[in-house]
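**Q** coords please:
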Amino acid sequence: QVQLVESGGGLVQAGGSLRLSCAASGRTFRSYAMGWFRQAPGKEREFVASISWSGNSKDYTDSVKGRFTISRDNAKSTVSLQMNSLKPDDTAVYYCVVGFKGGEYIHSWDYWGQGTQVTVSS
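**A** Numbers count the residues shown, from 1 in each chain. As a prediction, this is how the structure comes out:
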């Protein structure tokens, strides 16, 4: 059974930083992309960032470019999201995702974590 377990969420002031981590287990994820989505209250779930199996290809939504950095450790089957210069608009539940196809569309991802809350106060 595949499990994705996120950690690292919390409350931070605007301008601060947080690092999210996600540990994947239950199968081999070779050649799978990993990434993050988020969902703010009253809004649709949206793509945040993704990284290819090799780590050579990374994509970010425009609103986080230059502030967030995604990375992965294939030996540990983990993916991380370093979030700097956080803004109140970044407040959301953040979901870890793993998928063979990847991309910005929700249905492109095969496995989802339960989510971790990130709250940025002004």
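**Q** OK, contacts around Gly103?
**A** When the contact criterion is C-beta atoms under 8 Å, 6 or more residues apart in numbering, the partners of Gly103 are 33, 47, 50, 109. Placement of C-beta: from N, CA and C, glycine included.
**Q** what about it, which SS state?
**A** Secondary structure for Gly103, judged by DSSP: H, G, I helix; E, B strand; the rest coil, is coil.
**Q** Tell me the confidence at it?
**A** Predicted confidence (pLDDT) at Gly103: the value is 92.
**Q** taking the contacts of Gly103 one by one, which sit in helices?
**A** Among the contacts of Gly103, none falls in helices (DSSP state H).
**Q** Drop anything exposed from those.
**A** Those of the contacts of Gly103 that meet the buried threshold are 33, 47, 50, 109, by 16 or more other C-beta atoms under 10 Å.
**Q** Centroid-nearest residue for the chain?
**A** Trp36 (2.3 Å; C-alpha atoms, centre = their mean).
**Q** which residues touch the host helix or strand of it?
**A** Taking DSSP states H and E as the definition, one finds Trp36 inside strand 33-39. If you take C-beta under 8 Å, 6+ apart as the criterion, strand 33-39 is touched by 20, 22, 24, 45-53, 70, 72, 79, 81, 90, 92-103, 106, 109, 115, 118.
**Q** Relative to the whole chain's centre, how far out is that strand?
**A** 4 Å (C-alpha atoms, centre = their mean, to the nearest Å).
**Q** So which bits of it are buried?
**A** 33-38.
**Q** CSV for those, including pLDDT?
**A** Below are these laid out as CSV (pLDDT from 0 to 100):
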residue, pLDDT
Ala33, 97
Met34, 97
Gly35, 98
Trp36, 98
Phe37, 98
Arg38, 98
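**Q** got the contact list for the helix or strand Val12 falls within?
**A** Assigned by DSSP H and E, Val12 belongs to strand 10-13. Outside strand 10-13, the residues that touch it by C-beta under 8 Å, 6+ apart are 18, 86, 117-121.
**Q** can you dump the C-alpha coordinates of it into PDB?
**A** The C-alpha coordinates for strand 10-13 follow below in PDB (Å, rounded to 0.1, in the frame of the first residue of the first chain):
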ATOM      1  CA  GLY A  10       3.000  25.100  10.700                       C
ATOM      2  CA  LEU A  11       2.400  28.800  11.500                       C
ATOM      3  CA  VAL A  12       4.900  31.400  10.300                       C
ATOM      4  CA  GLN A  13       5.000  35.200  10.000                       C
END
